[in-house]
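S.K.: got a sequence here, can you model it:
(3 chains)
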Amino acid sequence: MQQIKLFFKDFSRLIAVHYRENWWVGLFAIGALSMVTIYKYINIINIYSNIGWNQELLTLFNHNRELCTALIVFITAVYSFACTLKTYGDKERIHDAMMLPASHKAKFFAEVLYSLVFIPLVMFVILFVTDTVTALICQNSEENVGLINADKEYIYSLPSYLYAILFFHSITTLWRADNSHIAVRTVVIMTILFLAFYVNTPLTYPFIWSDFTGVTREGLHIVFNMEISWASSELGKILHNLIYGTLPIMLYAISYYKHKERSL
Amino acid sequence: MITQNDTTPIFLQIKRWIEDHILRDEWSADTQLPSVRELAAEFGVNPNTVARTYERLTLDGTVRSARGIGFFVGENAKEAIVSRRREEFVAHTLPSFVEQMKLLNIEPEEIINAYNNHKDENWK
Amino acid sequence: MIKLNNLSAGYSKRHPVLQKLQTTFAQGNIYGLLGANGSGKTTLLKTICGVLFPLDGEISAMGYTPQKRESDFLKEIFYIPDEFSLPTLTVEKYVDTYAQFRPNFSRQKFESALKAMNFTFGEHLHRLSLGNRKKFLISFALACNSPMVIMDEPTNGLDIEAKRSFRSLLASEDLTDRLILISSHAVTDLEHILSAVAIIHDGAVVINSTIDAIAANIAFTSSANCNDALYTDGLRAIVKAEAEWSDVDLEMLYMAIHKSKDFRQYVIENFSGKESVCNR
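M.R.: The predicted structure is shown next:
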């Protein structure tokens, strides 16, 4: 019991250290991801509800949705990168978090939480709230069906955006003046992974595409169709989830390595 | 006070400083002296140095220590200092002074005159 | 308190900066660590703190292995690097955030140290000048009251008055079961405040001894007076100690060790003890 109390004390202090200085990064990241969610929901609401949204605005959103969200993700990523780099990449600040008197577990979990769990956690809270609000707006059962579909959609398509943010954010925790080659390697690997999942439809999974629709501007889209068996479709889903699943584990492992083994 | 140019060991310089205070009647018998650390902080030196000073002063009888309380100016400290400095003067300063006199051909009369001219000035 | 056992340290295994160090730093002392640029002073300090891992051999600091970076160990030590920057926080916010990690932190000691060194309040920490940054971190470090305080070139960037205050602050520290280890080029800044000195030469600790022990063995005097000097630079000389105490001239000692192989040999032979010398 004593150990657990100590852990939480250390842990909360470390989180405070991160956020005292960089509170606005977290805020900005959450803001960006909220916008992503809202854009997605506006489109869904338009399709499924009776409320007449401004048609032109929605068309604009529709066509520029991907672009806008990509832009916001990119800006947030660069911003997070730049200001965390200020702490982690700078060899004059390098001692800070690593050498603070706190237990390894606390440091490690603070790192993990901050990078991997906190932002998506807040995001899912926002999504849950937006869900409830949307449910209130759309009353009849047909729309509820639409909402269930919408459910699936955000689970499938948002992770790639989330991971983009997390990916950049976590890289900066690895970046060291004399260990940049590790960061570069990780960046390359994760960029490849990210690009593989960037274009999302509910049925996108690696290596086997179905209904690939890349919409860049009005009237231009590519439809990629492939005959697939049930087996390969299931395999695709498994691979998809596996890769998404191992991403945090990889970051987890790297974070652990950083705290226990890393020498400056 | 503590100069780099003075080749006397620091702890003796501090000893002199304390003795001067006593000689000038600024610290009379049974006055409590600053603690080792206080004095060390004052001069920016390691407390060991001040401890050595106090040790020497205690040996001389100029100062006495009360365990757990501190250091105090001893009884007859002033007289003791004067007598010791006298001995030092006679043993060391005088002979080298006479050496210099011989070297520079200074006559004793010049010394006596100088003494008479200055003996009534205030001791700085 | 800090024991080095056959320690090799540095940044690359092929070219360790320090090799096979075998020595101890004892509590109750303010150590000066002297050595040429690149001689490994910073490397040694960082290895003691756990910032750097040993390449070979062991370090034990208060019974802990620094490399493990255990929370309990980190609480007992405070490291002030030579170059560092501070976060974008105010003094207040910094203390609120970081002092929590230090169980023995004294707010009052922190403030009085800052005032003693004439720190300019009002700016955000990341905007402070070098001198003010040093004053800030030195005050914070001393206020943490940790048993081991490790400073790398603390006086670098301090003005004359701040240096005096710094000396006074060190002199007022209660060193029971504590030690302060200062690496510096500025011998004259620190000469009289040190109670022990360790000199690094050629990847080894040539001497690690208290000032008292050094003064008991050798004396520093004008070269006119002696024929059998252990070392002389023309003006001054190092001789075997006589009855009278002579203050240790650290600059001379340092120069003698660096310039004279014979003197190094003499030192190695004569100063092996508990706070001992490297076997080189």
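S.K.: OK, contacts around C:Gly122?
M.R.: Not one residue lies near C:Gly122 by CB atoms under 8 Å, 6 or more residues apart in numbering or on different chains. For the C-beta atoms, the positions are set from N, CA and C on the backbone; glycine is no exception.
S.K.: just checking, it is part of a helix?
M.R.: No. According to DSSP: H, G, I helix; E, B strand; the rest coil, C:Gly122 belongs to no helix; its state is coil.
S.K.: low-confidence ranges in the chain?
M.R.: No chain specified, so I'll use chain A. Low-confidence segments of chain A, defined by pLDDT under 70: A:25-26, A:28-30, A:32-97, A:108, A:111-264.
S.K.: you answered for a different chain; I wanted chain B.
M.R.: Looking along chain B with the criterion set at pLDDT under 70, you get B:1-5, B:122-124.
S.K.: how near is the spatially most central residue of it to B:Ile10?
M.R.: Centroid-nearest residue in chain B: B:Arg16, 3.0 Å away (criterion: CA atoms, centre = their mean). With distances taken as CB to CB, to the nearest Å, B:Arg16 is found 11 Å from B:Ile10.
S.K.: minimum distance to chain B, which residue of the stretch 151-280 of chain C gives it?
M.R.: At 3.4 Å from chain B, C:Arg167 is the closest residue in the stretch 151-280 of chain C, using CB to the nearest CB.
S.K.: count of residues packed around that residue?
M.R.: C:Arg167: 22 surrounding residues under other CB atoms under 10 Å in any protein chain shown.
S.K.: contacting residues around it?
M.R.: For C:Arg167, the contact set (CB under 8 Å, 6+ apart) comprises B:Gly44, B:Val45, C:Asp189, C:Leu190, C:His192, C:Ile193.
S.K.: quick check, nearest of those to B:Gln100?
M.R.: Closest approach to B:Gln100 among the contacts of C:Arg167 (CB to CB): C:His192, at 31.4 Å.
S.K.: and the closest residue to the closest one other than its chain neighbours, what helix or strand is that in?
M.R.: Among residues not flanking C:His192 along the chain, B:Val45 sits closest, at 4.3 Å (CB to CB, 6 or more residues apart in numbering or on different chains). Using DSSP states H and E, B:Val45 sits in no helix or strand.
S.K.: for C:Asn208, same thing?
M.R.: Secondary structure assignment for C:Asn208, by DSSP H and E: strand C:204-210.
S.K.: hey, C-alpha coordinates of that strand in CSV?
M.R.: What follows is strand C:204-210, C-alpha atoms only, in CSV (Å, rounded to 0.1, in the frame of the first residue of the first chain):
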residue,chain,number,x,y,z
ALA,C,204,44.4,8.8,-13.3
VAL,C,205,43.8,10.4,-9.9
VAL,C,206,47.4,11.2,-8.9
ILE,C,207,46.5,12.5,-5.5
ASN,C,208,43.4,12.5,-3.4
SER,C,209,44.1,13.8,0.0
THR,C,210,43.0,16.2,2.7
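S.K.: would you mark the buried spots in the next helix or strand after that strand?
M.R.: Using DSSP H and E, the helix or strand that follows strand C:204-210 in sequence is helix C:211-217. Neighbour-count burial for helix C:211-217, counted by 16 or more other CB atoms under 10 Å in any protein chain shown, picks out C:Ile211, C:Ala213, C:Ile214, C:Ala215, C:Asn217.
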